[in-house]
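A.B. asks: here's a sequence, model it:
(one chain, ligands or ions: 1)
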Amino acid sequence: MGFKEQGGESEKGLIEAVNEQAGELIHLLRCSRAPDSVLAEATAHLQAAMSSLAPYLEQGEGWSVASIASDTPGLGWLENDLTHCMPYSPVSGRRNPVAPSIRMWRDGGEVRGEALFSATYAGPPNSVHGGVIAAVFDELLSMANVISGAAGFTGTLTVKYHRHTPLQQPIELWAVNDRNTGRKQFSRAEMRVDGEVTASAEGLFILPASASDEP
Ligand SMILES: CC(C)(COP(=O)(O)OP(=O)(O)OC[C@H]1O[C@@H](n2cnc3c(N)ncnc32)[C@H](O)[C@@H]1OP(=O)(O)O)[C@@H](O)C(=O)NCCC(=O)NCCSC(=O)Cc1ccccc1
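C.D. replies: Residues are numbered from 1 along each chain as shown. The predicted structure is shown next:
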């Protein structure tokens, strides 16, 4: 996988803006208790929006089937925005409305970031769903691999849930690639709240035997 560095700010075009709005829509659907008349009105608006978009649905091979951006020249990632190379990711993609609010950046040989989970991602009361936490770790560990020079497939992901990870509070993200041995990549990551670890993870990622199998 040939990631290359790019300079400048990532452009937030209409595609990212409309996805941000759709994310807010998901939040409103998940958290509001609107009367039937309002739900019917909202449904009509949504059907109109779906009718507008449907003719532009892409099928088969192409950018829409991968979280990695084949429409981003060179699969570029930015030092201050590691999610740039996976805009369609369900975990961090700004062109995917199901993704929670996540930023990740490079800090030397480590990945740092911040996440804020709305009630859309709730599991236990006031807490982030454990499966969502695992998904974020998968992405975070992958980013630690990316900045080490290559990203393999997740082979084994081990998550330890130390305490509840709260909703609606900034969650500090951290990850590092410890070592690469042959085709194996070993990485660690943590989520912290006010400096306290709420969850940690270890990942063993496997680089493909041939370049044609790259993730
Ligand atoms: C590629 C591989 C993981 C391994 O297959 P092969 O290449 O044929 O492996 P081979 O048999 O040649 O063994 C080589 C060495 O590796 C070891 N080893 C092998 N497997 C495991 C293991 N599971 N766990 C631990 N170790 C394992 C094995 O013992 C051997 O060790 P040895 O040399 O004897 O010491 C394959 O099973 C697969 O595709 N799985 C599905 C992966 C998948 O779907 N993941 C989720 C989606 S990706 C994602 O989400 C990340 C992402 C996010 C965003 C964007 C981008 C990425």
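
A.B. asks: C-alpha only now, for contacts and for neighbours.
C.D. replies: Will do.

A.B. asks: next, give phi and psi for the residue of the chain found nearest the ligand.
C.D. replies: Ranking the residues of the chain by distance to the ligand (CA to the nearest ligand atom) places Gly155 first, at 3.4 Å. With angles defined as degrees, to the nearest 10, Gly155 shows backbone torsions of phi -100, psi -60.

A.B. asks: surely it and Pro208 touch.
C.D. replies: No - shown here, Gly155 and Pro208 do not form a contact pair, counting by CA atoms under 8 Å, at 10.9 Å.

A.B. asks: name the SS class of Ala150, please.
C.D. replies: Assigned with DSSP: H, G, I helix; E, B strand; the rest coil, Ala150 falls in the coil class.

A.B. asks: how much space between it and Val128?
C.D. replies: Distance of Ala150 to Val128, computed by CA to CA, to the nearest Å: 30 Å.

A.B. asks: these two: which has the busier surroundings?
C.D. replies: The neighbour count for Ala150 versus Val128, taken as other CA atoms under 10 Å, is higher for Val128 (22 against 17).

A.B. asks: which parts of this protein sit against the ligand?
C.D. replies: Proximity of the chain to the ligand (CA under 6 Å from any ligand atom) is limited to residues 139, 142, 153-156, 204, 206, 208-209, 215.

A.B. asks: rewinding a little: compare Gly155 and Pro208 (neighbour count), which wins?
C.D. replies: The residue with more neighbours, out of Gly155 and Pro208 and counting by other CA under 10 Å, is Pro208; that gives 16 against 12.

A.B. asks: ok so, going back, what about the residues of the chain next to the ligand, which one has the most neighbours?
C.D. replies: Using other CA under 10 Å as the contact criterion, the top neighbour count among these goes to Ser142, which has 26 neighbours.

A.B. asks: would it count as being in a helix?
C.D. replies: Yes - counting by three-state DSSP, one finds Ser142 located in a helix.

A.B. asks: neighbours of the nearest residue to it once chain neighbours are set aside, how many?
C.D. replies: With sequence-adjacent residues excluded and distances taken as CA to CA, 6 or more residues apart in numbering, Ser142 is closest to Ala151, at 6.1 Å. By other CA under 10 Å, the residues close to Ala151 number 23.
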